[in-house]
Structures are given as structure tokens and as C-alpha cells.
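Asker: Sequence plus the predicted model coming up.
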Amino acid sequence: MPLDPQPSMTCPRCGAPAQPGHGAQTCAKCSASFILLAGAALDGSVTVPLPIPGPASREIAVKSAKMFTYSRGAVGAIGVSEGMTDPVTGMIPLEESGVAYPDIYTIAVWRRPDWVTAIVALLFPVPLGLGLLALAFSSASALVGAIPFLALGGWALYRALGIKRNFVRVAGRWRTIQIRFDKPPWRRNAFYDELLRRSGLPNVPIA
Ligand SMILES: [Zn+2]
């Protein structure tokens, strides 16, 4: 029995009913900003492109740390998958954890600031860097010491509050999966762009 598509047409943060659209929308209930796109299983006008053999359909994987393990999300040739990595192969079997592109009801995307990382950056590398910078008025070597801390703190703050934590909920005919896709940060856009393209959807900017 396929799943009821109704729960896929909701705000991914609070579950309030929402209509799929083409750009960012704001939830009337929790005021979260998110994107909700209708996939091929919901919208008959969406055509899933056939996988092209070769690099164009290579897998793009993202990883996010759980307490003791890694959760892995991947955009593959025939579907998108999520799960704990197999320690031997590093792969997740699609039939256990994936949604094939033609089976997608909706794709919901949202972001949240990473407050823990931001606070850690403000508690450690940023003050240390600024402290060394203050010392640099009397000692040039303190300036050299300040740079890595300021760079580290700045990068951590940018990751936490600029890029933020990015999530996608893929609701399909047989299951719904959720993937955090901002790690590694340089693979975020490729993961997102390819997820939409392989699902047959036009690209929209991440809200
Ligand atoms: Zn909401």
C-alpha cells in the first residue's frame, strides 16, 4: 500500500498543512521558512530524466555525525537514500532506505542556525584570536598567532550562521526520509542541485 500523500504536504518543521509551491514560503503556524516542491508522484507534469551513464549520474554523498555513528545521505542514479553507513561497504542499500525519483511526492528544504557551533566559536577561537590581536601591538609574533584562531573562528561562525544546518525531507510513495546535507560544505550545492535535477524539478534557491 502506498503512503497517503497528505502528510507530505506539510511544513517540515511543525507539520502544519502546506501547499507545494515553486519558491520559499513561510509557515502560517510556526513562521519557519521552507521550500516545498511537488515531485513526480504528486504532479503529473513532472518528468524524471533517465539516468545518464557515466559521471553525470555519479553518486553525491553527504555525512552528518550522530552521537557515535555517521548518518549518510546520497543522491544516486535512481533515487535518494539515507541511513547509517555499513562499516564494510560505506553504502546504504537503496531498497531499505531510499526513495526512487519517480516515487517522490514532495521535497521540503529548510535551514536552521547551528547555535552550538556558533557558541563554541565565540567561547574559544574568537576571544583567543582577539586577545592575541591585542597583544600584537607590542609583539609582531602575536599577530601571526592570532591569524589562525581568527580564521578558524570566522569560518566556524560562517558555517554556523551563514550556511547553517541544511535539511531536506523527501516524502515518497513508500517512505519518507530526512537528510542533513551541509557536510561537507563544498558538496552542499551539488547535492541539492542534483537532487532537484534528477527528480525532474526546476532549481530554486535554498530558502
Ligand atoms: Zn510550521
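Answerer: Now that the structure is in, tell me what you want to look at.
Asker: for the top helix by length along the chain, packing partners?
Answerer: If each helix of the chain is counted by residues according to DSSP state H, the longest one is helix 140-157. Where contact means 3 or more CB pairs under 8 Å, 6 or more residues apart in numbering; DSSP states H and E, helix 140-157 is packed against helix 115-123, helix 125-135. Just so you know, the C-beta spots here come from the backbone N, C-alpha and C atoms, and that holds for glycine as well.
Asker: With just CA atoms, put the helix or strand encompassing residue 167 into PDB.
Answerer: In this structure, residue 167 sits in strand 165-172 according to DSSP states H and E. What follows is strand 165-172, C-alpha atoms only, in PDB (Å, rounded to 0.1, in the frame of the first residue of the first chain):
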ATOM      1  CA  ARG A 165      22.400  23.400   9.100                       C
ATOM      2  CA  ASN A 166      20.500  22.400   5.900                       C
ATOM      3  CA  PHE A 167      17.900  19.700   5.900                       C
ATOM      4  CA  VAL A 168      15.800  18.000   3.200                       C
ATOM      5  CA  ARG A 169      12.700  15.800   3.700                       C
ATOM      6  CA  VAL A 170      12.000  13.600   0.800                       C
ATOM      7  CA  ALA A 171       8.500  12.200   1.100                       C
ATOM      8  CA  GLY A 172       7.800   9.200  -1.200                       C
END
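Asker: Return the distance of the next helix or strand after that strand from the chain's centre.
Answerer: Counting by DSSP H and E, the next helix or strand C-terminal to strand 165-172 is strand 176-180. Chain-centre distance of strand 176-180: 9 Å, with CA atoms, centre = their mean, to the nearest Å.
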